[in-house]
Structure formats: structure tokens, C-alpha cells
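Need a 3D model of the sequence below.
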Amino acid sequence: MLALFKELILPYLVWLLVMGCVVKGISKQPTIPLMLLVVLLPLPVLWYPIQDLPLGRKTMDMLVFASTIGIIRGNRPWESAPKKGLLFTLIAFSYLSTWNTSFRFGFSAPISLDNPVLADWKNYSLMIFLYFVSYNGCRTEEEVKRLTNLMMFVVLFIIIQNYRSILSGETYSESTRAAGPFQLAGLNSNHFGAFLANYGVAAFALFLSDVGVRRWLYLTVSIGIVYPLFYTYSRGSYLAATAGVFILGIMKSRIIILFVILLLIFWKDILPTTVVDRIQMTETASGQLEDSAAQRLVLWQLAEDMFTNSPLFGIGFNGFFFASAHLSLHNVHNFYLQSAAEQGVIGILLFISVLVRSLASGFTLFRTGSSPYGKALGLAFLACSISVSVTNVFGDRFSQLYLGGYFFILMGAVDRMQSLSPP
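The predicted structure follows:
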């Protein structure tokens, strides 16, 4: 009965909800489509099934459009956001980079979806634009709270949903890795692990710094995320979560640093056996790198060669996928190297600038926020930005709408809270 509901009824209910929220957004209620966007972004299992319905493939586009139109038509004018120069430059340069890809690999001009890179660029730009929608869609602290708390509820829902499917086992097996809600979108356990690390440390920061009943939500998310994070078997995500928690120890509570140090010393005795097995798999018994690590070195060397040959502009947006056709893997597995290889010095500097500005925004709001929640949100975004910086060392955990959308929504919320703080 439940399966029948999910397959035959739920898609139509979601479709009706999307269309209703689009109408509400255009009718000067921009926060309504924005809130639905927050719910659907990391849950393609909810909105992918409606893609065969009228306008279903435009779900994310319509919600962003409706929220934007609602803001412009509303009583509160569209405001200039603090990071508009950096982010519009990032969008514009990445589009110019699609021309580079198209000329290099013989594609049609990137002015229609016949071009194989334009759709990916559109989703990438839409993800970045969420910063402006978040910044202008939330004008008060209460609206920011509702937005960020809804994000935490969605993360909690994802955690609960995936508890049932996790198979711990006695030994590590690739088939038992928790893939989370992103499998339908072609992403894997490493992406799920990065998502859990990024927003798990954010939830923990909110718990440490905020006051009131909300802290129980943040604590529940912080604790609940640990189990599925373990069974993503994502080593990069383990490191990112550890780095984020360590920063919280420095910024908020020194006792946390002691726990991190104890974990680093006694991790073989503390962590589940399968997790220990996975971490130790980086090298074989003979001291050589295991297959996945060895393959990444090949990919990294190829990316370095591409950057060396075209250091200023790279080989073009998403160009590595086409340039690595002769390999079994088509992703650099390091977004810093990928940015350098595909968009050259300019692209990597823009990406690093986004991370640096994000860290600065979180730190500034934590130090100068005019309310406990403002300070807590600043610390949460600081920890999240640290985690994002680390996870992208191990792969592209930045450019996918499902994974990076929350990061830009949080960025907009943080800058809005900063604007509400007295100078």
C-alpha cells in the first residue's frame, strides 16, 4: 500500500505543491517557494518522479524564479548583496569557460541545450544564485531562523530515512556503503558523506552557541548524523568532520579539542571495525596504495598536466570529463585541481575566494552578531565552510545543486544576519 502511494499518488501531490508554491511566490510571497526549495533540494527522490509531468523538469528553476519574482514584486525592494561582485564574476567566467570547452571538443555553441555542457552550467549558476534568493528572501531574524531550522529538519529527515538502509556488517564491503538520497541523481556515498559532514558540524555549532528549545533539534541532528556518516565509508568526509569539530573546539569550547585528540590517538579502539578497515585500506599490506587511491593519483597528474598546458583559462568548464574519455574514471577527485585544470588560474582563484569570503563571513558574524542566534549561525557557517574546504580536496563536493545548494543558502542567510547587526 505504501509503495503504491509513493509511486502513483505522491508524485502528483508534490507536483501540485510545487505549482501552488510557484503561484504563491509570484503573488508576492517569496518565502513560500524558497522554503519548498529547501525541502526538495537534497531530496531528488521526491522531485525526480515528477519530471514526466508538465514542467516537472523545471521544478528547481520555477521555484527560484517564483521566489525572485515575488521579491521584486513585493513591498521590499531587491537589495544589493555583499558578495554580488564575486559571485556574478564566478557565474560569468564559468559561462565563458563553456565556450572554451565547446571550441576545444568540437561542440555546438553554448547557447542552446544541444550543447552538452550548458545544462550543467545552468544548474551550477542556479546553485550560486540561491545566495541572492536567500539574502533577499529573508529580511528578519525570524525568517532566517525559519529557513535554517527547516534545513536542519530536512537533514534530520534524511538521517532517519537512511538508518533503515544501513548495513554495518562485520567487514568493509563496497556494497554496504550508505548512499543517501543522492543516488537517484547519480551521486554516490562520498557525496552523501560530504553532505553529512558539512551540515553535521553546522548543527553541532548551532547547538554549542544558540539558546532555547531549538538546541534540542541541533543536538539531535549532531548525534544522529554520526552513524550514517560512519557507514558512508568516506575517508574525506571523516577528515572534514574532524576538522570542523576541531575548529569548534578552538572557537567555542577547548574541551572539544581534547576529545578530538583522544579520537586521533585511540581511533582504532573507538571506531567501528568496518570503519577502521576502510581507513586502513588507503594502503595495502605491502605498503602500496589501494586501487581507488592509486587511480586518484593518475587523475591528479592528468589534471596537473592540463593546467600546465593551459594555465590561464584551462580546458573549459566540465572539460575534464571529455578529456579523460580514455580512463575508467572521469572526475579529478579534487575540486581544487579540477578548477585549475578546467578554468585555469582565474577559476581556482575564484573558487578559493568564495571559500575565504565564506570563512570570513562566518567568523565576522560569530564575533559581531547582535543576538545569540546570529553568533550561532556565524559559527555554524564557519565550521561548515571548513568542512566544505576539506571535502573538496577529495572530489567535487561543490558544484552539484543537490549538494552545494544549502551552502549558498546558508551564505545568504549569514550575510542577511550580518546586515541586521548594528555597525
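
Check the offset of the helix or strand encompassing Thr308 from the chain's centre.
Taking DSSP states H and E as the definition, one finds Thr308 inside helix 291-309. Centroid separation between helix 291-309 and its chain, computed with C-alpha atoms, centre = their mean, to the nearest Å, is 24 Å.

Output the contacting helices and strands for that helix.
Applying 3 or more C-beta pairs under 8 Å, 6 or more residues apart in numbering; DSSP states H and E, one finds that helix 291-309 makes contact with helix 319-323, helix 335-368. Quick note: C-beta positions are derived from backbone N, CA and C, even for glycine.

so where is this protein shaky, pLDDT-wise?
By pLDDT under 70, the weakly predicted segments of the chain are 1-3, 165, 167-175, 282-294, 423.

Let's see that with 80 instead.
1-8, 75-76, 164-176, 178-179, 280-296, 325-330, 421-423 (pLDDT under 80).

and Leu329, that one's in a strand?
No - Leu329 sits outside any strand when classified using DSSP: H, G, I helix; E, B strand; the rest coil, being coil.

just to revisit the earlier point, let me have the helices and strands packed on helix 291-309 in JSON lines, extended by mean neighbour count.
Putting those into JSON lines (neighbours: other C-beta atoms under 10 Å) gives the following:
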{"stretch": "helix 319-323", "mean neighbour count": "20"}
{"stretch": "helix 335-368", "mean neighbour count": "20"}
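
Tabulate these in a markdown table, adding columns for distance to Asp277.
Shown next, in a markdown table, are the helices and strands packed on helix 291-309 (distance: least, C-beta to C-beta, whole Å):
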| stretch | distance to Asp277 |
| --- | --- |
| helix 319-323 | 31 |
| helix 335-368 | 27 |
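
which stretch among those helices comes nearest Leu206?
Ranking the helices and strands packed on helix 291-309 by distance to Leu206, with C-beta to C-beta as the measure, places helix 335-368 first at 11.5 Å.

Which residue ranges of the stretch 101-250 of the chain form helices?
Counting by DSSP state H, counting those that start in this stretch, the stretch 101-250 of the chain has these helices, from start to end: 118-137, 141-163, 189-209, 214-224, 226-230, 235-251.

As JSON lines, these with mean neighbour count would be great.
JSON lines is the format used below for the helices of the stretch 101-250 of the chain (neighbours: other C-beta under 10 Å):
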{"stretch": "helix 118-137", "mean neighbour count": "22"}
{"stretch": "helix 141-163", "mean neighbour count": "18"}
{"stretch": "helix 189-209", "mean neighbour count": "27"}
{"stretch": "helix 214-224", "mean neighbour count": "18"}
{"stretch": "helix 226-230", "mean neighbour count": "19"}
{"stretch": "helix 235-251", "mean neighbour count": "22"}
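
how about JSON lines for the ones you listed, with distance to Arg57 added?
Output for these, formatted as JSON lines (distance: least, C-beta to C-beta, whole Å):
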{"stretch": "helix 118-137", "distance to Arg57": "10"}
{"stretch": "helix 141-163", "distance to Arg57": "22"}
{"stretch": "helix 189-209", "distance to Arg57": "22"}
{"stretch": "helix 214-224", "distance to Arg57": "31"}
{"stretch": "helix 226-230", "distance to Arg57": "30"}
{"stretch": "helix 235-251", "distance to Arg57": "30"}
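
Out of the ones you listed, which is closest to Leu327?
Nearest of the helices of the stretch 101-250 of the chain to Leu327, taken as C-beta to C-beta: helix 189-209 at 17.9 Å.

now that closest one against helix 335-368, angle please.
Helix 189-209 and helix 335-368 meet at an angle of 10 degrees, taking axes from the mean of the first three to the mean of the last three C-alpha atoms, to 10 degrees as the criterion.

Any idea how far helix 189-209 is from the middle of the chain?
Chain-centre distance of helix 189-209: 10 Å, with C-alpha atoms, centre = their mean.

before we move on, what about stretch 383-399?
Computed by C-alpha atoms, centre = their mean, the chain-centroid distance of stretch 383-399 equals 8 Å.

Same check on stretch 306-321?
How far stretch 306-321 lies from its chain's middle: 24 Å, per C-alpha atoms, centre = their mean.

Pull out the buried positions in it.
The neighbour-count criterion (16 or more other C-beta atoms under 10 Å) identifies 306-307, 310, 313-321 as the buried residues of stretch 306-321.

first vs last residue of that stretch, how far apart are they?
Chord length of stretch 306-321, first to last residue, is 12 Å (C-alpha to C-alpha, to the nearest Å).

who touches it?
The contact list for stretch 306-321, computed with C-beta atoms under 8 Å, 6 or more residues apart in numbering, reads 94-95, 97-105, 117, 120-121, 302-303, 323, 330-332, 337-347.

ok, 6 Å please
Stretch 306-321 is touched from outside by 94, 97-98, 100-101, 104, 117, 120-121, 323, 330, 332, 338, 340-345, with contacts defined as C-beta atoms under 6 Å, 6 or more residues apart in numbering.

How about stretch 50-58?
Outside stretch 50-58, the residues that touch it by C-beta under 6 Å, 6+ apart are 11, 14-15.

Swap in 10 Å and give it another go.
Contact with stretch 50-58 is made by 10-19, 22, 40, 44, 47-49, 59, 61-62, 65, as judged by C-beta atoms under 10 Å, 6 or more residues apart in numbering.

isn't Ala92 right next to Thr98, touching?
No - Ala92 is beyond contact range of Thr98, at 11.0 Å (criterion: C-beta atoms under 10 Å).
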